[in-house]
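> below are the sequence and a predicted model; questions follow.
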Amino acid sequence: MNGPHAPPAVIQTPGFAHYSLAWSPFHTTRIAVASSANFGLVGNGRLHLMSLNPLPAGVPVLGIDKFGSYETQDGLYDVAWSELHENQLVTASGDGSLRLWDVMVNDLPINAWHEHTREVYSVDWSNVKKDTFASASWDGTVKLWLPDRPRSILTLHAHQACVYQALFSPHQPDVLASCSSDGTLRIFDLRSPSYVSPAPGVNNFTTPLSSAALTVPASPGELLTLDWNKYRPFLLASAGVDKVIKIWDCRMVKMGPEGGTIGGLCETSLLGHEYAVRKIQWCPHRAGLIASASYDMTCRVWDTTPAPGRNQLVYIHDPHTEFVVGCGWSLYEEGVLASCGWDQRLNVFRI
């Protein structure tokens, strides 16, 4: 699994532990990193903007340069690039706020929102409905936003516990999934009458919990991360405190005891991490590959395609010296993966 590989490109950000990373959908070499002082427990945050040197196939990654950064008053937990504007990106903060940044504008955000009442732990920009992004918070809600509106356009009371992540489907513009500390994975169909606002642009704050199109009891513990498969519309992966990555076929459903739809067939369970799995992401280039980042200080790559004698664990990246909490595949260079962690390092490497 760990044969000879080119060494990773590494850049450190002294004083700021990383929480999340995102590759630009417009520029092949740009990466944004959300970070926090004092491991996110107290203190400021910083958004780092990185640029890779060219990545010609078959040669080592040459290096990473930082081309910008923005300071925030509270820690940053997540970041997502705009799908509309090549220079804009949104961050999620520990004080419950969201900020929209433009890399051509110094120092200050170009827009900000503060509706969540607790930490915002996840932000996701739809790559299908490109004018919309979603935020997920420890206040139990998921909110939808348009970058030019002063307030959210929709609030989902998604869980009765902390929501760790919410992601739009890459196949259906009105389908969104969330995961929570309650151990469930939930899918919402925003075409349902439950989510129709009384007037355009008016936020509906009364959406009931029971409006989830599907609830998957995915884990006995906290569910920290999820991702949609980029090739199979009904396939999701989830992972969390129980250290197991599970692959779900959400077409397998049944009615719950109170009339809600529950289910989801667990196709595969990937075991190997020694501590909680903090982040997973399906590969955009190969349907069966998925990457994971864990508190066991490793980033791993798995092959979920069943075959006799095939080892599901493909690769282990273990140079990190603290919790690895973020990972992401390059959108343009097949086989290139980035990882970040509490050791203040961003690593970029080929598998």
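Yep, that arrived. Numbers count the residues shown, from 1 in each chain.

> with adjacent residues omitted, what lies nearest to residue 338?
Distances taken as C-beta to C-beta, 6 or more residues apart in numbering place residue 348 nearest to residue 338, at 4.7 Å, with adjacent residues excluded. (C-beta placed from N, C-alpha, C; glycine too.)

> what sits against the closest residue in space to residue 44 that isn't next to it in sequence?
Among residues not flanking residue 44 along the chain, residue 37 sits closest, at 5.0 Å (C-beta to C-beta, 6+ apart). Under the criterion of C-beta atoms under 8 Å, 6 or more residues apart in numbering, the contact list for residue 37 reads 15-17, 43-46, 75.

> quick one: which of those is nearest residue 91?
residue 45 (7.8 Å; C-beta to C-beta).

> which of the contacts of residue 37 are buried?
Listed as buried from the contacts of residue 37 are 16-17, 44-46, 75; burial here means 16 or more other C-beta atoms under 10 Å.

> state the pLDDT value of the residue nearest to residue 44.
According to the prediction, residue 37 has pLDDT 94.

> count of neighbours near residue 347?
Residue 347 has 23 neighbouring residues, counting by other C-beta atoms under 10 Å.

> oops, could you answer that again for residue 63 instead?
Count around residue 63 with other C-beta under 10 Å applied: 12.

> ok, now residue 318?
The burial count assigned to residue 318 is 12, neighbours taken as other C-beta under 10 Å.

> any idea how far residue 344 is from it?
Distance of residue 318 to residue 344, computed by C-beta to C-beta, to the nearest Å: 17 Å.

> from the buried ones among the contacts of residue 37, which single one is nearest residue 139?
For the buried ones among the contacts of residue 37, the nearest to residue 139 is residue 75 (16.5 Å; C-beta to C-beta).

> just the element for the residue nearest to residue 338, please.
strand 345-350 (DSSP states H and E).

> now find how far off-centre that strand is within its chain.
In terms of C-alpha atoms, centre = their mean, to the nearest Å, the centre of strand 345-350 is found 17 Å from the chain centre.

> what packs against it?
Here strand 345-350 touches strand 9-12, strand 17-23, strand 30-36, strand 45-52, strand 336-341, going by 3 or more C-beta pairs under 8 Å, 6 or more residues apart in numbering; DSSP states H and E.

> which residues are in contact with it?
5-13, 18, 21, 31, 33, 48, 50, 52, 55, 61, 64, 299, 317, 319-321, 335-340.

> try it again with 6 Å
Residues from elsewhere that reach strand 345-350, judged by C-beta atoms under 6 Å, 6 or more residues apart in numbering: 6, 8-12, 33, 61, 335-336, 338-340.

> for ChimeraX, write the selection for the buried entries among those.
Filtering the contacts of strand 345-350 down to the buried ones (16+ other C-beta under 10 Å) takes a single ChimeraX command:
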select :8,9,11,33,61,335,336,338,339,340
